[in-house]
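S.K.: What shape does this take:
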Amino acid sequence: MIFIALFRGLNVGGSHKIKMADLVAFLNRQGGEKTKHYIQSGNLVFHSDEQVHDLAQRLEPAFEKEFGFSSQIILRTLPELEAAHAAYPFDRKDREQKFMMTGFARQNPNADALAVLEGLLADGELVAQSGNEFFFYYGNGSARSKVANLNFEKKIGTALTVRNRRTISKLIEMAADF
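M.R.: Residues are numbered from 1 along each chain as shown. Okay, the predicted model is just below:
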């Protein structure tokens, strides 16, 4: 099965720096095959015959043991990533893709998660939810957004890692080459 691993908090703001070659080698030692990375923020595409739940449970402790700090690893299969990409509701020609984001939740969020996020939006911002994915549009950019800089775990009950449309498109393209 083809998986996409989204590592949370790597190489952001000068902390938790990891060379992507080291991350690829780590995943291959953990049973990943044909592992490829995209940009420096912890986006890996790989093949594994392991079940997603087993893989997710095993990778995080192994990562912490090897690198000396923890990173939440959110896994999606290629069909799941494609479905999330297709479900994005705010894609219009008059909007910049760099402001279009999808947040991938580690597990089921709180039942009121969407309402909580809606209550924090500033002018020009939009949010929607489909299952364990949250779709954001930051009309004024994510740097100025209160929502973009949230501790999602406290607000919605689960870790969330966010990627922009270009990154998701590239990961799908890379995975399609398997």
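S.K.: And the contacts of the helix ranked longest in the chain?
M.R.: When the chain is parsed with DSSP state H, its longest helix is helix 52-67. Contacts to helix 52-67, defined as CB atoms under 8 Å, 6 or more residues apart in numbering, come from residues 1, 3, 5, 7, 18, 26-27, 30-31, 48, 50, 70-73, 75, 77. Using the backbone N, CA and C atoms, a C-beta is placed for each residue, glycine as well.
S.K.: Just the residues you listed: which are in helices?
M.R.: Assigned to helices by DSSP H, the following of the contacts of helix 52-67 qualify: Phe26, Leu27.
S.K.: are any of the contacts of helix 52-67 buried, and which?
M.R.: Phe3, Ala5, Phe7, Ile18, Phe26, Leu27, Gln30, Ser48, Ser71, Gln72, Ile73, Leu75 (16 or more other CB atoms under 10 Å).
S.K.: got the domain boundaries for the chain?
M.R.: Listed domain ranges for the chain are 2-77, 80-176 (source: automatic domain parsing).
S.K.: where along this structure do the strands fall?
M.R.: If you assign secondary structure with DSSP state E, the strands in the chain sit at 2-7, 33-38, 43-47, 73-77, 100-105, 125-130, 133-138, 160-164.
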